[in-house]
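> Take a look and give me a structure for this.
(2 chains)
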Protein chains: 2
Amino acid sequence: MKKNILVGQSGGPTAVINASLYGVIKEGLEHPEQIGAVYGMVNGIEGFLSGHTINLSAELTNEDMELLRLTPAAYLGSCRYKLPENLDAPVYPLLFEKFDAMDIKAVLYIGGNDSMDTVDKLSRYAASIKADIAFIGVPKTIDNDLPVTDHTPGYGSAAKYVASTVREIVLDASVYQQPAVTIVELMGRHAGWVTAASALARKFPGDNPLLIYMPESDFDMESFLNDIENALKTSTAVVICVSEGIHDASGRLICEYASEAQVDTFGHKMLTGCAKLLESYVRNRFGVKVRSVELNVNQRCSSLLSSLTDINEADEAGRFAVRCALDGVTSRMVTFQRDEGDDYRLSLGLTDVSNVCNKEKPFPPHWITGNANDIGPEFTAYALPLIQGQPEHRLEYSLPRYLYRKVK
Amino acid sequence: MKKNILVGQSGGPTAVINASLYGVIKEGLEHPEQIGAVYGMVNGIEGFLSGHTINLSAELTNEDMELLRLTPAAYLGSCRYKLPENLDAPVYPLLFEKFDAMDIKAVLYIGGNDSMDTVDKLSRYAASIKADIAFIGVPKTIDNDLPVTDHTPGYGSAAKYVASTVREIVLDASVYQQPAVTIVELMGRHAGWVTAASALARKFPGDNPLLIYMPESDFDMESFLNDIENALKTSTAVVICVSEGIHDASGRLICEYASEAQVDTFGHKMLTGCAKLLESYVRNRFGVKVRSVELNVNQRCSSLLSSLTDINEADEAGRFAVRCALDGVTSRMVTFQRDEGDDYRLSLGLTDVSNVCNKEKPFPPHWITGNANDIGPEFTAYALPLIQGQPEHRLEYSLPRYLYRKVK
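Next up, the predicted model:
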């Protein structure tokens, strides 16, 4: 008897979440004797509850599929929707009625920590009512903070974007002979993996960025200013990379230091990034030219500067999830294990989704070096394989063609 | 008798200013019977005054040259140095002594409006003392605001960066089903050419960015909020592009609206971008999710997303300047003229540098459409040819290899 598959995307966009969706659809189409249709939830579990689905296996052409694989963000749309803790809540039978109505036998959910929480709850509810539906999580987050797995799809592309973009910012920052400080703010409120990738921007040992500050260490303003004072002794152009989530020893975010003074014309607090705040501290202390740059959402949605390794792995994770679902696996998330040896090779595995949901994998403390202002070579060895290879985009007037759903 | 050439870079970095430098050196090397050495000023005329030069034709290897062609920012370093208006100032004989000491017969200066002012003054001083040195300007600016020339090297790459990056931001901004407004701030304080390029990001008519605001029109906050109110009636995700230089009818910059409230912990004014300011206006009015994104320096220093057409034209402009110098031309800037006809073809020309220096070419007012909130199709026809083609970068660990001078 044929099974239908339902797939959803959840949480923040990445450059490769659609490569996982592509993998799911493609693998689904390769098992016509076992799989009927691959349906997509529009806007994740939230949109599914409102009845928004697409028959992906029927509606997407071959050309659509090739575009989908390199389209950033989330083709199906996303949501930030938390299912109730109480499995007696009425939303659960409602969801399972809808699964039944569409003859769904496997639900694949592509997302991060919060999305795995959804997979966990649905799995537990299914077990409680002995429903024969497989629930599998496909990992996705640029933050790279999911436990158990070596890394997450989305991270390699974000890391590559940061490395190449910061390399270009360093060149830009170095053209004048007057002393100047450039502060680049990078994503990752709790985990510094994306910020650490700025270390890959260096063209030679001792190159900029000279200083890197991670959210895993306490940030001290005086140490920071001392670090800059030292850096300015030997370098005219000092480039610094900071995580958006840097905080002091009391846990207070650095970006909140100025919040009392920062009100808009309505008297409401205006949230400024920490780089903007540090900019004024540095200017006031040293009187040099200071610029802050917040790389913002392009870190997570640049397909043009993405990693082919990341795209291929995201695709594989989606395919593997389908094969596992056909084998009757449930309540698991797909994981990556790095094989032993000098060459980078990856094996796919599974972990109980409860090992992942609502947990975070911090950056290894011993990879943070110097006076908590630099990143060690272990990270470079870890991260370099993840950013390898360039995708070939289909272009139209030299701009990338991307697949989109027309939405209101 | 062989002549030496001196070349300098001045003003803000671009993705292709080094392609012009490459063109100058390459053309110089192709005339060994007429040209001795191609020297580079380090940090423009300011560094030259301090005696900082490089023998480019001797020091750069063939491999260096190929890397140079695709390296963004300014390999020679740059300056923002204004020569005195008074040609009797002592700096002029000092400069010409230095030219003589190096047997310089042609000075090529790659830069924008201010740099052409330098070319103009040096030309006039040379004429006044009957010095036999040619002074030629090679245009460069992402702002595309130099008069006479059809466009300027650097603009095509900035336009392409904006078009492709905004296209990706639009996908990122469209993943949730809740209404959201995204405001992207683009470079160009006086001229909106870079901001207008965001219109190229549209994948189909009526696509985002739905609203574009240029510094050539007066910005009115109530009209802006009305525009958004209308846009939100038909679109869940509204993406807006604004120039950093938008101002109201009185000439006051929008980014200064909040400056009184924006003080840092030292009591000093903190300059916030206009997008950040508009973010709070939109949030307060509509209560929807609002995000602001400032694309910042990557607009001018992204070689990875640059235009091959732009690179080739920048290279050609440098070569042409050398040939003109050999022909005895002086006091001129290289210009681009677009040939008549459907196909894009360019001719190189010259204009008296006094036609350019300290003047600005505004964006054509009739290309600004709607309620001064959109860009018409004439611009697309103008700009699309300028962004065509992708350069092939030399990679190392999948990151671009760039040429750099080691500086303190």
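
> Double-check A:Ile129 against A:Leu95; I have them as touching.
No - using CB atoms under 8 Å as the test, A:Ile129 is too far from A:Leu95 to be in contact (11.1 Å). In short, each C-beta sits where N, CA and C put it, glycine included.

> A:Ala231 is in contact with A:Pro179, correct?
No - with contact defined as CB under 8 Å, A:Pro179 does not count as touching A:Ala231 (10.0 Å).

> tell me, what's touching these two both at once?
Common neighbours of A:Pro179 and A:Ala231, counting by CB atoms under 8 Å, 6 or more residues apart in numbering or on different chains, are A:Val238.

> More neighbours: those two, which one.
A:Ala231 (19 against 16; other CB atoms under 10 Å in any protein chain shown).

> Could you check the pLDDT of A:Asn373?
At A:Asn373, the pLDDT value in this model is 98.

> for it, what are its contacts?
A:Leu211, A:Ile212, A:Tyr213, A:Ser223, A:Phe224, A:Asp227.

> where's the fifth one relative to chain B, distance?
What that stands for is A:Phe224. Here the criterion is CB to the nearest CB, to the nearest Å. By it, A:Phe224 lies 14 Å from chain B.

> Would you agree that residue is in contact with A:Leu278?
Yes - counting by CB under 8 Å, A:Phe224 does reach A:Leu278; the two are 7.3 Å apart.

> More neighbours: the two, which one.
Neighbours were counted for A:Phe224 and for A:Leu278 using other CB under 10 Å; A:Leu278 has more, 27 against 23.

> helix, strand or coil for that one?
Under DSSP: H, G, I helix; E, B strand; the rest coil, A:Leu278 falls in the helix class.

> State the pLDDT value of it.
So, for A:Leu278, pLDDT stands at 95.

> can you give me the helices in chain A?
A:17-29, A:44-49, A:56-59, A:62-69, A:91-101, A:113-128, A:155-173, A:193-196, A:221-234, A:274-286, A:298-301, A:308-326, A:377-383 (DSSP state H).

> nearest to A:Arg338, of the ones you listed?
Using CB to CB as the measure, helix A:377-383 is the one of the helices of chain A that comes nearest A:Arg338, at 8.6 Å.

> which parts of that closest one are buried?
Across helix A:377-383, burial judged by 16 or more other CB atoms under 10 Å in any protein chain shown covers A:Phe379, A:Thr380, A:Tyr382, A:Ala383.

> Indicate whether it makes contact with chain B.
No - looking at helix A:377-383 against chain B by CB under 8 Å from any CB of the partner chain, there are no contacts, and the closest approach is 9.3 Å.

> Can you give the distance of that helix from its chain's centre?
Remark: helix A:377-383 is offset 19 Å from the chain centroid, using CA atoms, centre = their mean, to the nearest Å.

> Over to stretch A:364-381?
The chain centre lies 21 Å from the centre of stretch A:364-381; the measure is CA atoms, centre = their mean.

> distance between the ends of stretch A:38-56?
Separation of the first and last residues of stretch A:38-56 by CA to CA, to the nearest Å is 6 Å.

> repeat for stretch A:123-136
This stretch, stretch A:123-136, spans 9 Å end to end (CA to CA).

> nearest to B:Glu63, of the helices of chain A?
Between the helices of chain A, helix A:155-173 lies closest to B:Glu63; by CB to CB that is 17.9 Å.

> and stretch A:155-167 with chain B, contact?
Yes - Stretch A:155-167 is in contact with chain B by CB under 8 Å from any CB, via A:Lys160, A:Ala163, A:Ser164, A:Thr165, A:Arg167.

> which of the residues you listed has the most neighbours?
A:Lys160 (30 neighbours).

> Pull out the buried positions in stretch A:382-390.
Result for stretch A:382-390 [16+ other CB under 10 Å]: buried residues A:Tyr382, A:Ala383, A:Leu384, A:Pro385, A:Leu386, A:Ile387, A:Gln388, A:Gln390.

> Residues touching it, excluding its own?
A:151, A:155-157, A:159-160, A:163, A:196-197, A:200, A:307-310, A:312, A:344, B:395, B:397-399.

> Now restrict those residues to buried residues only.
For those, a neighbour count by 16+ other CB under 10 Å gives the buried set as A:151, A:155-157, A:159-160, A:163, A:196-197, A:200, A:307-310, A:312, B:398-399.

> How about the lowest-mean-pLDDT helix or strand in chain A and chain B, touching?
Least confident helix or strand of chain A, by mean pLDDT, DSSP states H and E, is helix A:274-286 with a mean of 94. Yes - using CB under 8 Å from any CB, helix A:274-286 comes into contact with chain B via A:Lys276, A:Leu277, A:Ser280, A:Tyr281, A:Asn284.

> can you list these in JSON lines and add distance to B:Pro72 and neighbour count?
Conversion of the residues of helix A:274-286 next to chain B to JSON lines gives the following (distance: CB to CB, whole Å; neighbours: other CB atoms under 10 Å in any protein chain shown):
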{"residue": "A:Lys276", "distance to B:Pro72": "24", "neighbour count": "25"}
{"residue": "A:Leu277", "distance to B:Pro72": "28", "neighbour count": "24"}
{"residue": "A:Ser280", "distance to B:Pro72": "28", "neighbour count": "23"}
{"residue": "A:Tyr281", "distance to B:Pro72": "29", "neighbour count": "21"}
{"residue": "A:Asn284", "distance to B:Pro72": "30", "neighbour count": "15"}
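
> Pull the most distant pair out of those residues.
Counting by CB to CB, the most remote pair of the residues of helix A:274-286 next to chain B is A:Lys276 and A:Asn284, 13.4 Å apart.

> quick revisit: identify, from the contacts of A:Asn373, the entry nearest to B:His190.
Distance to B:His190 across the contacts of A:Asn373 (CB to CB) is lowest for A:Leu211, with 34.6 Å.

> With A:Glu222 as the reference, measure out to the closest one.
A:Leu211 is 14 Å from A:Glu222, where distance means CB to CB, to the nearest Å.

> Mind pulling up the pLDDT for A:Val297?
Note on A:Val297: pLDDT of 96.

> residue of the stretch 301-408 of chain A with the smallest distance to chain B?
Closest residue of the stretch 301-408 of chain A to chain B, CB to the nearest CB: A:Cys301 (3.9 Å).

> Identify the spatial nearest neighbour of the residue most central in space within chain A, chain neighbours not counted.
When CA atoms, centre = their mean is applied to chain A, the residue found nearest the centroid is A:Ile142 (1.7 Å). Once flanking residues are discounted, A:Ile142 sits nearest to A:Ala158: 3.8 Å by CB to CB, 6 or more residues apart in numbering or on different chains.

> okay, now the one you found: neighbour count?
The burial count for A:Ala158: 35, using other CB under 10 Å.

> before we move on, what about A:Asn355?
A:Asn355: 16 neighbours (other CB under 10 Å).

> And A:Val293, by the same measure?
With other CB under 10 Å as criterion, A:Val293 counts 26.

> partner residues bridging it?
Counting by DSSP bridges, A:Val293 is bridged to A:Val184.

> got a list of what it touches?
A:Ile169, A:Thr182, A:Ile183, A:Val184, A:Glu185, A:Ala275, B:Asn296, B:Val297, B:Asn298.

> will you turn those into TSV that also has neighbour count and distance to B:Glu316?
Formatted as TSV, those follow (neighbours: other CB atoms under 10 Å in any protein chain shown; distance: CB to CB, whole Å):
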residue	neighbour count	distance to B:Glu316
A:Ile169	28	28
A:Thr182	26	32
A:Ile183	27	37
A:Val184	28	34
A:Glu185	25	38
A:Ala275	25	38
B:Asn296	22	29
B:Val297	23	26
B:Asn298	24	25
